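> Sharing a model that was predicted from the sequence below.
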Amino acid sequence: MENSQIALSTLTPGFADPVHDTQAVFRTLLDALSRPGTVGVVENVLPEVRATRAELAAFAALLALCDYATPVWLAQPDTALGSALRFHTGAPLVDEPAQAAFAYIHDAGTLPPLESFALGAAESPEQSVTLLIRVEALTGGAPVVLSGPGIQHTETIAPVGLPGHFWRERAALAPLFPCGVDCYLICGARLIGLPRTTQAKVN
Amino acid sequence: MSATSASPSSVAPAPVRRAWMAVLARTPRDDLEAALERALRDIPAPPYDWLRPPEIGLAMVRGRIGGSGDPFNLGEATVTRATLRLRAPAGADATVGVACHLGRDRRRAELAALADALLQMPEHHAVLHKQLIEPLAAQQAVKRAGRQQDAAATRVEFFTMVRGD
C-alpha cells in the first residue's frame, strides 16, 4: 500500500481554501465531540464529484485532521481515498488497526472489536484512535440514550447500521478511562460525536 | 514533502522530465513568464484545476563536507510547490504538472507547473522544448560556467615546501 504510486491524473482535489476550510471542519468536529449526540454538519467544502466513495464528512475530517504523524487505517480498501490522503496530508496508511491514529470504517458491519485499536496508555491517553464510522442513517434506528460530560440531562440518538457489539464493547472500555476510543458516526455531510466519556444505554 | 510522480500516460521517461523540471526550477519568474508567453502564442492557454494550489513551506537542506563527509543539517530553506491538472476531454487521461522551487513566488510555481504539464503532452512537447527549455538551459549553463570560472580564479593551492637534502 505504501509504495504504490499515487495516480495523480484521477486524484480527488482537496479543500479549495485549505486554511479556512480546515478550520471550519475542525470547529464542526470539535463541537460535535464536546456536545455528544448533537448532529454536526460539514459545510460543502469539497468538490461535488469525488473519485472516492467515502462520505463527505469523513473525507473532510481526515483531510482536516491528518498529517504525516497520524497513521490512517482504512477498513475497506479504497485506493482513491488512500491516494488523496497521502497526497494532500502526507498521512501514512497502515495495515493494522492497532497502529492507526485515525480509522475510517466504510462498512460498519465489518467493524473489528474495539480492543483491537490503540486505546492509549495511562500516561498518554491521547495516543488512542479516533474512529470514523459510516452509518446508513443517523436517525430512525434503535434509540440509544446518551449521558455524561457535555450533555445536560440525556440525549437520544438512533443511528442505523451499527453492529450490536459496538455498544457492548464501548461500555466494556469505560472502566479504562482515561484510555479509550473516540468515535464519529457519519452519514453524508452529517456526523455525531461520541467521546470516550459518554455513557450509552441501549433501550 | 511527499514524493510525486508522473502519470503513467506521460510521454517522457523520468530522467528527461527531471531535467526539464530542474531547468524550470532555476528559471526566474520574469524569464519564465516571457518564455512561456512566447511559446504559447500558437496554443490557446489550457484550462486547469489545482490539485495543490501554490503553497510555501520549509525544507531542511542537508549537506556533506567535501561531498563525502557525514550529512549535517545546513539550515531550512523556503520552498514553493504546486500541482495542477489540465482539464482533459472525457475519457482521456489528464496531464498533471508539478513544480517546486526555492523561494516564495507563487506565480512562478504556477507557470512552471503549467509548463511541466504542457511539456508532457506529445502535441506540445517539441515546440515547447525548443522554445522554452533549450534557451533557458543554455542560459543557465553559461551562468554556471561563469560562476565556476570565477570560483576557479580564486582557487588557492596549499602545498608544503619540501626541503631538499
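The structure has been received and is ready for your questions.
> Point out where chain B drops to low pLDDT.
Where chain B drops to pLDDT under 70, the residues are B:1-12, B:90-91, B:165.
> Residue ranges in chain A under the pLDDT threshold?
Chain A contains residues with pLDDT under 70 at A:1-3.
> Might you enumerate the residues of it proximal to chain B?
By C-beta under 8 Å from any C-beta of the partner chain, the part of chain A that sits against chain B consists of A:5-11, A:13-14, A:16, A:18, A:86-88, A:90. (C-beta placed from N, C-alpha, C; glycine too.)
> show me the contacts for A:Leu176.
The neighbourhood of A:Leu176, defined by C-beta atoms under 8 Å, 6 or more residues apart in numbering or on different chains, consists of A:Leu119.
> sorry, back to before: give me the buried subset of the residues of chain A next to chain B.
Buried positions within these, assessed by neighbour count (16 or more other C-beta atoms under 10 Å in any protein chain shown), are A:Ile6, A:Ala7, A:Leu8, A:Ser9, A:Thr10, A:Leu11, A:Pro13, A:Gly14, A:Pro18, A:Arg86, A:Phe87, A:His88.
> Now, those residues that are in helices?
Judged by DSSP state H, these include A:Pro18, A:Arg86, A:Phe87, A:His88 as members of helices.
> Apart from its chain neighbours, what residue comes closest to the third one?
Right, A:Phe87. Residue nearest to A:Phe87 in three dimensions, not counting chain neighbours: A:Ile6, with 5.3 Å by C-beta to C-beta, 6 or more residues apart in numbering or on different chains.
> same check, this time on the last one
Excluding the flanking residues, the one nearest A:His88 by C-beta to C-beta, 6+ apart is A:Gly14, at 4.1 Å.
> List phi and psi for the one you found.
Main-chain dihedrals, A:Gly14, degrees, to the nearest 10: phi -90, psi -150.
> gap between the spatially most central residue of chain A and A:Tyr104?
By C-alpha atoms, centre = their mean, chain A has its centre lying nearest to A:Leu132, at 1.8 Å. Computed with C-beta to C-beta, to the nearest Å, the distance linking A:Leu132 and A:Tyr104 is 5 Å.
> A:Thr139 too?
Here A:Thr139 is placed at a distance of 22 Å from A:Tyr104 (C-beta to C-beta).
> With neighbour numbers in mind, choose between those two.
The residue with more neighbours, out of A:Thr139 and A:Tyr104 and counting by other C-beta atoms under 10 Å in any protein chain shown, is A:Tyr104; that gives 27 against 13.
> Now name the helix or strand holding the more buried one.
strand A:102-105 (DSSP states H and E).
> burial count for residue 164?
Just so you know, I chose chain A. Taking other C-beta under 10 Å as the criterion, the count of residues near A:Gly164 is 9.
> actually chain B
Other residues near B:Gly164 number 4, with proximity taken as other C-beta under 10 Å.
> do the same with B:Leu102
Residue crowding around B:Leu102 was assessed by other C-beta under 10 Å; the count is 13.
> I figured it hits B:Thr78, correct?
Yes. With contacts counted by C-beta atoms under 8 Å, B:Leu102 reaches B:Thr78, the gap being 7.0 Å.
> what ranges do the strands span in chain B?
B:48-64, B:71-86, B:96-102 (DSSP state E).
> Identify the residue nearest B:Val23 in space, chain neighbours excluded?
Of all residues not flanking B:Val23 in the chain, B:Ala137 sits nearest, at 4.9 Å (C-beta to C-beta, 6+ apart).
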